[in-house]
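>>> return atomic coordinates for the entry below.
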Amino acid sequence: MKAFNFTYHLITIGLLLFIMGGCAPKEIVRVDLDTYLTNQQLYQGEEYKNKRVVIAATLKDLNEKYEAYRGKIIEVSAPVTYYGKSLFWTWYITMQKDGHKLRCYEDRYRLYPDPLAVNAVLTARTRGDEVTVRGTLYRDGLEMERLIYNGYNIDTNNPFRYRYPRSFGY
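You can find the predicted model right below:
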């Protein structure tokens, strides 16, 4: 019986370590575009294999060097000037600062966008605050991955699923 308990606990601990190791987020390394382009081989090599390289940018830089940023994971901060939903699968915001604009969007979410993300965007727009958006830059804008505002770091890809209340009598 003792051997069974030991084996059971050993397997349980091993499984928990495997799960926790697989779910651990990668360390984020922020660099600017010039540093990334001059050391591109370094950032794609073994040293940064378990790290997430994010290129910090401004709206002005994005508009001037759009092709250089395209396809890369970037992080940008600016005030939100517009929030909207397009058809069923896409919700988006427009960030604007010093005459430069960027459309940030999230598509293929569940039935409704994450209420926390929408509330953060609407609050920032009302107050005129800046939000930080991290995601991949494509031809039609920035596909959001994270939305950061006022201490909240919101995953826009996997919104929280709220449980529905139970029906009466069940």
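>>> low pLDDT regions in this protein?
The chain contains residues with pLDDT under 70 at 1-5, 14-24, 86-88, 108-111, 159-170.
>>> and the strands in it?
Using DSSP state E, the strands of the chain run over residues 27-31, 51-57, 73-86, 90-97, 100-107, 130-138, 141-149, 152-155.
>>> now render those strands as CSV, adding distance to Leu122 and mean neighbour count.
From N, CA and C alone the C-beta is placed, and that goes for glycine too. As requested, the strands of the chain are exported to CSV (distance: least, CB to CB, whole Å; neighbours: other CB atoms under 10 Å):
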stretch, distance to Leu122, mean neighbour count
strand 27-31, 27, 13
strand 51-57, 24, 18
strand 73-86, 6, 17
strand 90-97, 10, 20
strand 100-107, 14, 18
strand 130-138, 11, 19
strand 141-149, 11, 20
strand 152-155, 13, 14
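>>> out of those strands, flag the one nearest Glu67.
Nearest to Glu67, of all those, is strand 130-138, at 9.8 Å by CB to CB.
>>> tell me the angle the closest one makes with strand 141-149.
150 degrees (axes from the mean of the first three to the mean of the last three CA atoms, to 10 degrees).
>>> what sits up against strand 130-138?
The contact list for strand 130-138 (CB atoms under 8 Å, 6 or more residues apart in numbering) reads 54, 62, 66, 69-80, 93, 95, 97, 104, 120-121, 124, 142-149, 156.
>>> quick one, phi/psi of Gly99?
Main-chain torsions, Gly99, degrees, to the nearest 10: phi 80, psi 0.
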